[in-house]
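In: any chance you could fold what I've pasted below:
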Amino acid sequence: MKRFAAVVSASMLATGFAAAPVLAADQSSSQSGQAQQQAQNFSDEQLQNFAAASQEIAGISQNYTQQLQNAEGSEAQQSIREEANQQMVQAVQDNNLDVEEFNRIGQAVQNNPQMMQRVQQMAQQQ
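Out: Residues are numbered from 1 along each chain as shown. The predicted model follows:
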């Protein structure tokens, strides 16, 4: 259970680089309240897509973390980060979500233990 929470957190952090402008836009209080209301309305399909994307992103993150550790120089590291972000965004899109939606679901999952449990069960069934 803790491992999945770590995967979700890592996934959100990883996609956060690519979604920084989206997250910045979501910081207003009215949009934040809307996001919390929408959190309860995610379909099972959306949650399953989120679980699948999170698992893919965790693997991508592990792969690129090793590459980052072996990279020499900030230019090489930046190139690796950009490539990783592209891969992660693609994983989200391949699972029929966009980055903004993925991040909204991720925030809802982190803030709602019942939703976290549902997503964990879905991830185990995959």
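
In: in the longest helix seen in the chain, what's buried?
Out: The longest helix of the chain (DSSP state H) is helix 44-70. Neighbour-count burial for helix 44-70 flags 46-58, 60-61, 64 (criterion: 16 or more other C-beta atoms under 10 Å). In this view, the C-beta of every residue, glycine as well, is placed from N, C-alpha and C.

In: ditto for stretch 118-126
Out: The neighbour-count check on stretch 118-126 (16+ other C-beta under 10 Å) flags 118-120, 122-123 as buried.

In: what packs against the longest helix of the chain?
Out: If contacts are counted by 3 or more C-beta pairs under 8 Å, 6 or more residues apart in numbering; DSSP states H and E, helix 44-70 sits against helix 2-18, helix 74-94, helix 99-111, helix 113-125.

In: distance to residue 68 for those - can I get that in JSON lines?
Out: What follows is the helices and strands packed on helix 44-70, written out as JSON lines (distance: least, C-beta to C-beta, whole Å):
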{"stretch": "helix 2-18", "distance to residue 68": "12"}
{"stretch": "helix 74-94", "distance to residue 68": "5"}
{"stretch": "helix 99-111", "distance to residue 68": "21"}
{"stretch": "helix 113-125", "distance to residue 68": "25"}
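
In: out of those, nearest to residue 41?
Out: helix 99-111 (9.6 Å; C-beta to C-beta).

In: mean confidence for stretch 98-105?
Out: Stretch 98-105 comes out with an average pLDDT of 95.

In: alpha carbons of that stretch, as PDB, please.
Out: Extracted C-alpha coordinates of stretch 98-105, given in PDB (Å, rounded to 0.1, in the frame of the first residue of the first chain):
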ATOM      1  CA  ASP A  98      -4.400  14.300 -20.400                       C
ATOM      2  CA  VAL A  99      -1.700  15.600 -18.000                       C
ATOM      3  CA  GLU A 100      -4.200  18.000 -16.300                       C
ATOM      4  CA  GLU A 101      -6.700  15.300 -15.700                       C
ATOM      5  CA  PHE A 102      -4.000  12.900 -14.500                       C
ATOM      6  CA  ASN A 103      -2.800  15.500 -12.000                       C
ATOM      7  CA  ARG A 104      -6.300  16.200 -10.800                       C
ATOM      8  CA  ILE A 105      -6.900  12.500 -10.200                       C
END
